[in-house]
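In: The following comprises the amino acid sequence and a computationally predicted model.
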Amino acid sequence: MAMTKLANKKVAIVVADGFEQVELTEPKKALEAEGALCDVVAPKAGKVKGWNGTDWGMEITVDVALAEADASAYDALVLPGGVMSSDTLRILPGVRSLVRSFFAAGKPVASSCHGPWTLIDAGVIEGVTMTSWPTLEQDLVNAGARWKDAPVVFDQGLVTSRTPADLIAFDAKMIEVFSGQAGQTAV
């Protein structure tokens, strides 16, 4: 059997109701195809409901409730977008603390679309070059980041993308970074 790039890597995917469905399902599928074990982490146990473009989407089983999540149990973090999910997560002290723990430990993080709102409130993006959904540009700049309009940006262990249309490039860069094959320079 061929060795996968992320064998034995464990990834936390943090969402709340209203996450952009494809921004969870596609990266999760890409990570698992490379051998990663992925846990969906949410504010409460049970299920979390996705947003599918213009209406509610599927329900996803929560693997770990936020109160039980520990950054030391994971190798990497994914913060999918979705206006509702990101706006909910950004104000939760437990989420901010979890995010800061990943950054403090130098573990890679990937965030798409509106996901960087959580990074702003966690206080971890000063001096980082990144991208996001276009309407977050000023928020990110105000928080000290350097915003770039590109399908995917990688800097200082953080992979970011703009929209669901960028997921192929996002997934490829995320896997490269999570496998330790990328440097730390902005791309």
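Out: Right, received. Where do you want to start?
In: Show me the strands in the protein, by range?
Out: Using DSSP state E, the strands of the chain run over residues 10-14, 19-20, 37-42, 47-52, 55-61, 64-65, 76-79, 109-112, 129-130, 146-147, 152-155, 158-161.
In: Can you point out the buried residues in the first one?
Out: Pointing back at strand 10-14 there. Of the residues in strand 10-14, 11, 12, 13, 14 count as buried by neighbour count, 16 or more other CB atoms under 10 Å. C-betas here are computed from N, CA, C, even on glycine.
In: now, which of those sits nearest residue 32?
Out: Nearest to residue 32 among the buried residues of strand 10-14, counting by CB to CB, is residue 11 at 9.1 Å.
In: What pLDDT is listed against the closest residue to residue 88 other than its chain neighbours?
Out: Once flanking residues are discounted, residue 88 sits nearest to residue 16: 4.0 Å by CB to CB, 6 or more residues apart in numbering. With respect to pLDDT, residue 16 scores 98.
In: Surely residue 16 is in contact with residue 85?
Out: Yes. Using CB atoms under 8 Å, residue 16 is in contact with residue 85, at 4.4 Å.
In: who's more crowded, these two?
Out: Neighbours were tallied for residue 16 and for residue 85 using other CB atoms under 10 Å; the higher tally belongs to residue 85 (31 against 23).
In: residue contacts, the more buried one?
Out: 15, 16, 17, 18, 19, 20, 51, 114 (CB atoms under 8 Å, 6 or more residues apart in numbering).
In: sorry, back to before: gap between the residue nearest to residue 88 and residue 134?
Out: 22 Å (CB to CB, to the nearest Å).
In: same question, residue 109
Out: 21 Å.
In: quick one, which of the two is more surrounded?
Out: residue 109 (25 against 12).
In: list the contacts for the more buried one?
Out: By CB under 8 Å, 6+ apart, the contact set of residue 109 is 76, 77, 78, 79, 99, 102, 103, 119, 157, 158, 159.
In: Residue 100 is in contact with the second one, correct?
Out: No. The pair residue 77 / residue 100 is not scored as a contact, 10.8 Å apart, by CB under 8 Å.
In: so where do the helices sit in this structure?
Out: Using DSSP state H, the helices of the chain run over residues 21-33, 83-89, 93-104, 116-122, 137-142, 167-178.
In: Of those, which stretch is the most buried?
Out: helix 116-122 (a mean of 25; mean count of other CB atoms under 10 Å).
In: Only alpha carbons, please: show that helix as PDB.
Out: Output of helix 116-122 as PDB, limited to C-alpha atoms (Å, rounded to 0.1, in the frame of the first residue of the first chain):
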ATOM      1  CA  PRO A 116     -10.300  34.300   9.200                       C
ATOM      2  CA  TRP A 117     -12.800  36.300  11.400                       C
ATOM      3  CA  THR A 118     -12.000  33.800  14.100                       C
ATOM      4  CA  LEU A 119      -8.300  34.400  13.600                       C
ATOM      5  CA  ILE A 120      -8.800  38.200  14.100                       C
ATOM      6  CA  ASP A 121     -10.600  37.700  17.400                       C
ATOM      7  CA  ALA A 122      -7.900  35.100  18.500                       C
END
